[in-house]
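Participant: Below are the sequence and a predicted model for it; my questions follow.
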Amino acid sequence: MGYTAAVLTISDKGAAGERVDTSGPALCDILKEDGWDVVYTTIIPDDMEQIKAELLKCSDEKQVNLVLTTGGTGFSPRDITPEATMAVVERPTPGIPEMMRAESMKITSHGCLSRAAAGIRKRTLIINLPGSKKASTENLNAVLKPVHHGIEMLLSEGSANCAENMK
């Protein structure tokens, strides 16, 4: 496949060294097992400007194909990852978080509380995932197959032969 990925953990406590990040490494493991080249990881606090700066670094400078964020998608006043994401994306991709929420609600009714967002900036797909290891890995696994096809279309110069790839 040869696609690149970055995983950004958004956590005040994680960034301060007060909590061990388990979701970021678990997402990296899933991506690597699926053939992705994880080229960048970081842990940053729930800060609008820092989140936006990291998303811009990954898309504009590093030109990563896929950026996953974990954390900051709930109802806490500090949970601003979706707002930071939507401030930098050029084209929203609402079907991705819709599918993640639908799959989450099969497991727990709390899945409806996710405010995750997703979108495209240049040739980078950005997807917000929940902060917990369990929820983030379940959400990623729910959309990983269609994300492959989306990245293929994003990187193509025209048609990605959608009808052919649906077989």
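Facilitator: Structure's in. What do you need? Residues are numbered from 1 along each chain as shown.
Participant: For Glu49, pull up the helix or strand it's in.
Facilitator: helix 48-56 (DSSP states H and E).
Participant: Buried residues, that helix. List them.
Facilitator: Residues Gln50, Ile51, Lys52, Glu54, Leu55, Leu56 are the ones in helix 48-56 that count as buried (16 or more other C-beta atoms under 10 Å). From N, CA and C alone the C-beta is placed, and that goes for glycine too.
Participant: can you list contacts of that helix?
Facilitator: By C-beta atoms under 8 Å, 6 or more residues apart in numbering, the residues outside helix 48-56 that reach it are 8, 10, 42, 44, 67, 69, 72, 80-81, 83-85, 87-88, 121, 126.
Participant: and if we set it to 7 Å?
Facilitator: 8, 10, 42, 44, 67, 80-81, 83-85, 87-88, 126 (C-beta atoms under 7 Å, 6 or more residues apart in numbering).
Participant: For the residues you listed, which single residue is the most surrounded?
Facilitator: Ile10 (31 neighbours; other C-beta atoms under 10 Å).
Participant: doesn't Thr69 make contact with it?
Facilitator: Yes. Judged on C-beta atoms under 7 Å, Ile10 makes contact with Thr69 at a distance of 5.6 Å.
Participant: hey, what's in contact with both of those two?
Facilitator: Thr81.
Participant: Could you check the angle whichever helix or strand comes after the helix holding Glu49 makes with helix 48-56?
Facilitator: Next helix or strand after helix 48-56 toward the C-terminus (DSSP H and E): strand 66-70. With axes from the mean of the first three to the mean of the last three C-alpha atoms, to 10 degrees defining the directions, strand 66-70 sits at 150 degrees from helix 48-56.
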